[in-house]
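*Asks:* sequence and predicted model, in that order:
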Amino acid sequence: FLVELFHNQSDGYRDIDKVGGDTGFTTIEPMVKLFWEPDTLLKQRFEFRFGYSYFDADETYLGLHDADLRADAFRRYVSTQFDNIRSDQYRYSLSHVIQPTDDVRIETMAYYTSFQRDWYKLDKAVDVDGNSIDLSRAIATRGLGYDILTGRAAGAWKIRSNNRDYHTLGIQSRLDWGFETGALEHDLTVGARLHYDETSRFQRDDTARVNSAGSVLGVSRGRQGEAGNREENVLAFSMFAEDSVKLGRLTVKPGLRWEHMEMEYTDRFEKGDLSRVKASESGSLDALSPGVGLIYELADAWSVFGGYYRGISTPAPREFLQAGADLEKTNGYELGLRHYGRSVQAELVGFYTDFNNLIVRDNIGGAGNTDDFNAGSAEVYGAEFAVRWDALATSNSDWRLPLRGSLTYTHAEMT
């Protein structure tokens, strides 16, 4: 058994105008892990883990105007004095590993995670007539909105309670099997996972009224659920197979992953009866992700390698079903040369990745739209060189002195 406690705390390094205050955070994470290996004919092991994370931070999304940043990088505007994020996460897992033979290993794990957080943060500036001003525009223009944020004009600060809950649970299993077919050596891995996750928003908006000196005159609390009242969930099933096939100096490693997702979202009304459904939709999404890697040993310490890999990233259910956001796909290619000697190991690799239906969100500075959407295509290519040298590796000394260095060139372009 293992019992562990992690605690990390800071008072913060920034100062809030007019009020001062703490701008730091606190993290507390206990963890318990137990395992048991029964005295049976077959080698097997059970393992249980429990973890909890508590996080509390007086943090804000809001940044500073360029001139203010240059003058004092440790400053925070008075309008951020209420900003705080608090989260609680519970993690459970139970796994079982059994090895029927020296060449076969089966691992199964069930897991559950719950995560709740509330980021109470500044959302907009409001003038005395009730007109809302976006934070990004308020800072950029340095007009009335900026004066309200910095406590130099009367108005109000709209503060949103971003209250959200997340839950995930599932079970997965994989089998590793080493065998031979004639002259071919195989290292086969197959696996499957059944996974469910859900998220819910139940948010509210509060209003802090301020005078022209930046003093808070009062805070009006909104109704929970009137600033966001929706749910999303996904039931996913995936399978994969990968086989490392070796013939002499050549190793070929093909693989294929299949994902099937049943998605659903429900938007509820944000006025009156909050249980009423405003919009709801369900649908499914399938994706295939193939790949293959090759390694050829030129000599004892030299080899060339290359590969093709398909990457995928799925949109959130609401954006997929309601807004039509599509699956993001990447086609990645690499080709490299590797030297693996006793004292020197070096690698030179070139890569090219083509993105299609890139999933992004307009959320710069926390002031944009938080929904996912497709931004088109992108290309990324480059090269990397890495070397590791140990001058004492070939000596008779017990000492070692490994030195590492790397150099990477990357070019990325939206196409």
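*Replies:* Happy to help now that I have it.
*Asks:* name the single longest strand found in the chain.
*Replies:* Counting residues, the longest strand in the chain under DSSP state E turns out to be strand 155-181.
*Asks:* paired strands for that strand, with orientation please.
*Replies:* Counting by DSSP bridges, the strands paired with strand 155-181 are strand 104-126 (antiparallel), strand 184-202 (antiparallel), strand 204-210 (antiparallel).
*Asks:* can you list contacts of the shortest one?
*Replies:* Defining contact as CB atoms under 8 Å, 6 or more residues apart in numbering, one finds that strand 204-210 is touched by 79, 82, 123, 126, 148, 151, 154-161, 163, 216-227. From N, CA and C alone the C-beta is placed, and that goes for glycine too.
*Asks:* mind doing that once more with 6 Å?
*Replies:* 156-161, 216-222, 224, 226-227 (CB atoms under 6 Å, 6 or more residues apart in numbering).
*Asks:* which ChimeraX command selects the buried ones in those residues?
*Replies:* Only the buried entries of the contacts of strand 204-210 go into this ChimeraX selection, using 16 or more other CB atoms under 10 Å:
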select :156,157,158,159,160,161,216,222,226,227
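*Asks:* for the contacts of strand 204-210, which one is nearest residue 53?
*Replies:* residue 161 (20.6 Å; CB to CB).
*Asks:* what pLDDT does the model give that closest one?
*Replies:* In this prediction, residue 161 carries a pLDDT score of 95.
*Asks:* cool, residue 400 as well?
*Replies:* Reported pLDDT at residue 400 in the predicted model: 92.
*Asks:* now do residue 101
*Replies:* 92.
*Asks:* show me what contacts the most centrally placed residue in the chain?
*Replies:* Central residue of the chain (CA atoms, centre = their mean): residue 313, 11.7 Å from the mean position. When contacts are counted by CB under 6 Å, 6+ apart, residue 313 touches 328, 359.
*Asks:* try 10 Å
*Replies:* 287, 327, 328, 329, 330, 355, 357, 358, 359, 372 (CB atoms under 10 Å, 6 or more residues apart in numbering).
*Asks:* ok, the fifth one touching residue 287?
*Replies:* Yep, that's residue 330 we're talking about. No - between residue 330 and residue 287 there is no contact under CB atoms under 10 Å: 11.9 Å.
*Asks:* what do those two both touch?
*Replies:* Each of 310, 312, 313 lies in contact with both residue 330 and residue 287 under the rule CB under 10 Å, 6+ apart.
*Asks:* can you list these in JSON lines and add distance to residue 207?
*Replies:* Below are those laid out as JSON lines (distance: CB to CB, whole Å):
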{"residue": "310", "distance to residue 207": "49"}
{"residue": "312", "distance to residue 207": "42"}
{"residue": "313", "distance to residue 207": "37"}
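*Asks:* quick check: next helix or strand after the lowest-mean-pLDDT helix or strand in the chain?
*Replies:* The helix or strand of the chain with the poorest confidence is strand 372-374; it has a mean of 74 (mean pLDDT, DSSP states H and E). As assigned by DSSP states H and E, the chain's next helix or strand after strand 372-374 is strand 378-390.
*Asks:* about what we covered before: centre of the chain to the longest strand of the chain, how far?
*Replies:* 9 Å (CA atoms, centre = their mean, to the nearest Å).
*Asks:* what residue ranges in the stretch 151-300 of the chain are flagged as low confidence?
*Replies:* The stretch 151-300 of the chain contains no residues with pLDDT under 70.
*Asks:* could you pull up phi and psi at residue 136?
*Replies:* Backbone torsions for residue 136, taken as degrees, to the nearest 10, come to phi -60, psi -40.
*Asks:* was I right about it contacting residue 63?
*Replies:* Yes - Residue 136 lies in contact with residue 63 (CB under 10 Å); the separation is 9.2 Å.
*Asks:* helices along the stretch 301-415 of the chain, start to end?
*Replies:* Listed in chain order, the helices of the stretch 301-415 of the chain (DSSP state H, counting those that start in this stretch) span 317-321.
*Asks:* quick one, strands of it?
*Replies:* Per DSSP state E, counting those that start in this stretch, the stretch 301-415 of the chain carries strands over the ranges 302-313, 328-340, 344-356, 359-361, 372-374, 378-390, 402-414.
*Asks:* note down every partner strand of the fourth one and its orientation.
*Replies:* The pairing partners recorded for strand 359-361 under DSSP bridges are strand 372-374 (antiparallel).
*Asks:* for the second one, same thing?
*Replies:* Taking DSSP bridges as the criterion, strand 328-340 pairs within the sheet with strand 302-313 (antiparallel), strand 344-356 (antiparallel).
*Asks:* buried ones in the longest one?
*Replies:* When neighbours are counted by 16+ other CB under 10 Å, the buried residues of strand 344-356 are found to be 345, 346, 347, 349, 351, 353, 355.
*Asks:* so what's the second one up against?
*Replies:* Translated: residue 346. Residue 346 makes contacts with 301, 302, 337, 338, 339, 340, 385, 386, 387, 388, 389, 405, as judged by CB under 10 Å, 6+ apart.
*Asks:* gap between the two ends of stretch 77-92?
*Replies:* 40 Å (CA to CA, to the nearest Å).
*Asks:* for it, which positions count as buried?
*Replies:* Neighbour counts over stretch 77-92 (16+ other CB under 10 Å) mark 77, 78, 79, 80, 81, 82, 83, 84, 85, 87, 89, 91 as buried.
*Asks:* same thing with stretch 178-198?
*Replies:* Neighbour-count burial for stretch 178-198 [16+ other CB under 10 Å]: 187, 189, 191, 193, 195, 197, 198.
*Asks:* list the beta-bridge partners for the fifth one.
*Replies:* By that I understand residue 195. Counting by DSSP bridges, residue 195 is bridged to residue 170, residue 236.
*Asks:* ok, now how distant is it from residue 269?
*Replies:* 30 Å (CB to CB, to the nearest Å).
*Asks:* surely residue 139 is within a strand?
*Replies:* No - checked against DSSP: H, G, I helix; E, B strand; the rest coil, residue 139 lies outside a strand; its state is helix.
*Asks:* pretty sure it is touching residue 148, no?
*Replies:* No - with contact defined as CB under 10 Å, residue 139 does not count as touching residue 148 (11.2 Å).
*Asks:* so what's residue 3 up against?
*Replies:* 30, 31, 32, 33, 34.
*Asks:* and if we set it to 7 Å?
*Replies:* Going by CB atoms under 7 Å, 6 or more residues apart in numbering, residue 3 touches residue 32.
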